[in-house]
Each structure stands twice: as structure tokens, then as C-alpha cells.
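Chemist: have a look at this fold, sequence not included:
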């Protein structure tokens, strides 16, 4: 009997910008003129990773102004699904209502301020929201619906006592919100700019949540954003895990507004030389990372995708949320076991044991005062642009 012949999956469609970036990476591999390695050498003050005053400005002028990605819509599959999570000092409820819309509400009763859902991180289901203190009850869209012994509040304006909402929307299957309850506007497409064009053909809306892990780690949020915007460390820090799958420093990246798109050549990249552009595969031949300012990373592995959110809780600590999602539900126990192993490897073996570990070690170094500045070399040009974007927003 002949061996089974497996047809490779159709490569995901690439935007014109990604196609041009892929061509640039091939040119770099073949030794043609490269724009990838900027000879400029610069420094950044080490205190940007630990100064409380800088941290406060970052929260006020960056994190409370820009749309932040809070996760994937598939976390909340059914009406009544909700998850409580504290982000930037705000107790949030992400809720899918009866009409199928996802709302981002403040998890705070409008009577006396108690939390409606006490636990965090676990997805639960409720037909409505009821305060454990006096049982004021709210619809899943936040409207106040029930007040026990209502005669005690004869002049209460129920319409003005609904739960506070954050401006939010779902785009590309991802939940976005602005962390300011005084705002009503959110424009994710405008915020993403050309990254929106990259995401459109990837059809994230149909992807399925596989696993999520959320925990606190002792590092500044920018150290993790730094780690995924340069490739200098891959063959060193990740020598025992993912390094064999990648070529050394074969990459192409560029800024897109506040954001960055980066392609890193995988070990199969040489075979793309002889393929037409429509067969170039950003999962098989390369790994694409979207660094979405300020604190999101989307990484496109060969057969699943990671979203990471770095939410600062203090100058030296983050709430780290890693979500793995897949193009479809597992179709067999073998496929499920494969994705379980993949999650354990990438989440535990790489992100936590290597990237977060080294970020925490750097944070300890920052707090020791050993360095007044850190140096960014010619392989780290995206870090320079990222930190300049941060500085620009802090001056505004």
C-alpha cells in the first residue's frame, strides 16, 4: 500500500505590504542590498523600565487613550458568557448579551459600588448580573432592571444608573476597548492603519479559543514588547527550544504608524526562492509578528496563533495574558493532543521559561542601578522606534 500523500494547506493570503516584506526578506537571504540593519547605535535610559513617574504617565497618556486588545471573541461563545478581569486598575466585565453583542462593562454596582462578579479569569454564564450586597440587578448590556424594595428609591432615575461602559468593539475576531468610561468613541481600523489590511484576510473571526493563561510576572511591560521586536536573541535565548526552526537573523520588518510588522525566516525559507509569490507562506516559510502598540503581540505559528497582552500593574509588574487560538476546533484526539503539546511548549517552555524569565532578570538589573542606559545596536532598530513612540506620547 502506498504512503498517504498529504496536500499542504493553502497559504494564508498576505496583504500587499506583507508580500513586499516577504520579498525583502528573500533579497536579504540572497545577499542583496538590505535596509534591515540600521547602522545607528543609540541608548535608552534604564529608568524607563522602573520609574514610577514614567509609569503613571504611560497609564494616563497611553493606556487610557488607545484601543487595547482584551482577547478573542470566541472566549465568550454563548449569550450570558462573561469573564471578570482587572486591567489598569479598572475592574472589567466582558459580557456577551442576549443579542450576541460583546460589551465591556465596569464590574461595579451603581448603588453602593460592590463588585458584581467577585472572581477573576474564569469564564462563567449568567442570565443577568446581580449585586451580592443589595441585589440590584442588571441586564447583560448593563441596563439597570431590578431594585428590591423600590419604594425606598422613589426618585431613582434607572436610565442613568446602568453599569458604566467602556467604548468597545469586535474587529477581526478580537475584542478592543478604550480604558476610559468618559469616552464614547473607538476607531480600531483607523488605529491599526495598514495592520488592519494585514489582518483582514486572516479571518480571525472564525478562529477558536484553545487555551488561555493569565498571571502576574515581575517585569516592566516594555521589556516584553522589546523582546518580540528584535531577532538578535533567537539563536541564543531560545537555543534549547525554537531556535532550530529559524535561520539566524534572516528577517524583514517595518513600522506601520505606531505598530510594527516583522517577518522572521524559518528553516524552510530557502524553498520559497523557487515559488511564485502566491505560494509564499508566512507560517511555513517565516513567522510573522504584529507588535500592536502599546502592549499587544500577535504571533503566527505554523498551525495556531498566539495573542499576548502585557498589562502593567506597577513599574515592575505586568498582568500577562496569553491566548492561543486555532483555525478550527480539534477534529480528533490526535489533533487536540498536538495542540496541547504546542501550548505547553510555546507558553511554558518559551514565553514563560525564556522570554518572561529574561525580562524579569533584566528588571532586577534595572532595580540594581548597574546601568544608567541600555544600548540598542543595528539589529534592534525597531526598539528605537518603539521607545520613540512611547516618548512622543508621554510629551503630548
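Modeler: Here it is on my side, so go on. Note that the structure is a prediction, hence the values are computed from the model and not measured.

Chemist: which stretches of the protein have low pLDDT?
Modeler: 1-9, 31-37 (pLDDT under 70).

Chemist: find the residue at the geometric middle of it.
Modeler: The centroid of the chain falls nearest to residue 296 when counting by Cα atoms, centre = their mean (3.1 Å).

Chemist: care to break the chain down by domain?
Modeler: The chain is divided into the following domains under automatic domain parsing: 16-64+191-395, 68-186.

Chemist: what about the last one, distance to the chain center?
Modeler: On the basis of Cα atoms, centre = their mean, to the nearest Å, the separation between the geometric centre of domain 68-186 and that of its chain is 22 Å.

Chemist: from the opening residue of that domain to its closing one, how far?
Modeler: 10 Å (Cα to Cα, to the nearest Å).

Chemist: try stretch 47-59
Modeler: 16 Å.

Chemist: please begin residue numbering at 256 from this point
Modeler: Yep, numbering from 256; the last one is stretch 302-314 now.

Chemist: buried ones in it?
Modeler: 302, 303, 304, 305, 306, 309, 310, 313 (16 or more other Cβ atoms under 10 Å). Glycine gets a C-beta too; all of them are placed from N, C-alpha and C.

Chemist: and the closest residue to the first one other than its chain neighbours, what does it touch?
Modeler: Which is residue 302. Counting by Cβ to Cβ, 6 or more residues apart in numbering, residue 309 is the residue found nearest to residue 302 once chain neighbours are left out, at 6.9 Å. By Cβ atoms under 8 Å, 6 or more residues apart in numbering, residue 309 lies in contact with 302, 303, 570, 649.

Chemist: would JSON lines of those residues with distance to residue 265 and secondary structure be doable?
Modeler: Below are the contacts of residue 309 laid out as JSON lines (distance: Cβ to Cβ, whole Å; DSSP: H, G, I helix; E, B strand; the rest coil):
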{"residue": "302", "distance to residue 265": "49", "secondary structure": "helix"}
{"residue": "303", "distance to residue 265": "43", "secondary structure": "helix"}
{"residue": "570", "distance to residue 265": "46", "secondary structure": "coil"}
{"residue": "649", "distance to residue 265": "44", "secondary structure": "helix"}
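
Chemist: quick revisit: how far away is the residue nearest to the centre of the chain from residue 575?
Modeler: 12 Å (Cβ to Cβ, to the nearest Å).

Chemist: between those two, what contacts are shared?
Modeler: Joint contacts of residue 551 and residue 575 (Cβ under 8 Å, 6+ apart) are 563, 564, 565.

Chemist: isn't the last one right next to residue 575, touching?
Modeler: The one in question is residue 565. Yes - here residue 565 reaches residue 575: they are 6.2 Å apart, a contact under Cβ atoms under 8 Å.

Chemist: which residues are in contact with each of the two?
Modeler: residue 479.

Chemist: what residues does stretch 520-532 touch?
Modeler: Stretch 520-532 has contacts (Cβ under 8 Å, 6+ apart) with 274, 277-278, 280-281, 284-285, 499-502, 505-506, 534-536, 539-542.

Chemist: separate out the buried members of those residues.
Modeler: 277, 280-281, 284, 501-502, 505-506, 535-536, 539-542.

Chemist: output the residues you listed in CSV, with distance to residue 379 and secondary structure appended to each entry.
Modeler: Formatted as CSV, those follow (distance: Cβ to Cβ, whole Å; three-state DSSP):
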residue, distance to residue 379, secondary structure
277, 43, helix
280, 45, helix
281, 49, helix
284, 49, helix
501, 40, strand
502, 45, strand
505, 45, strand
506, 42, strand
535, 43, coil
536, 39, coil
539, 39, coil
540, 42, coil
541, 39, strand
542, 35, strand
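
Chemist: identify, from those residues, the entry nearest to residue 430.
Modeler: Distance to residue 430 across the buried ones among the contacts of stretch 520-532 (Cβ to Cβ) is lowest for residue 542, with 24.2 Å.

Chemist: break down the stretch 256-405 of the chain into its strands, ranges please.
Modeler: Taking DSSP state E, counting those that start in this stretch to define them, one finds strands in the stretch 256-405 of the chain at 297-300, 323-327, 336-342, 345-351, 357-361, 379-380, 384-385, 392-393, 399-401.

Chemist: which one of those strands lies nearest to residue 491?
Modeler: Nearest to residue 491, of the strands of the stretch 256-405 of the chain and by Cβ to Cβ, is strand 297-300 at 20.5 Å.

Chemist: ok, and what's touching the closest one?
Modeler: Applying Cβ under 8 Å, 6+ apart, the external contacts of strand 297-300 come out as 627, 628, 629, 630, 631, 638, 639, 642.
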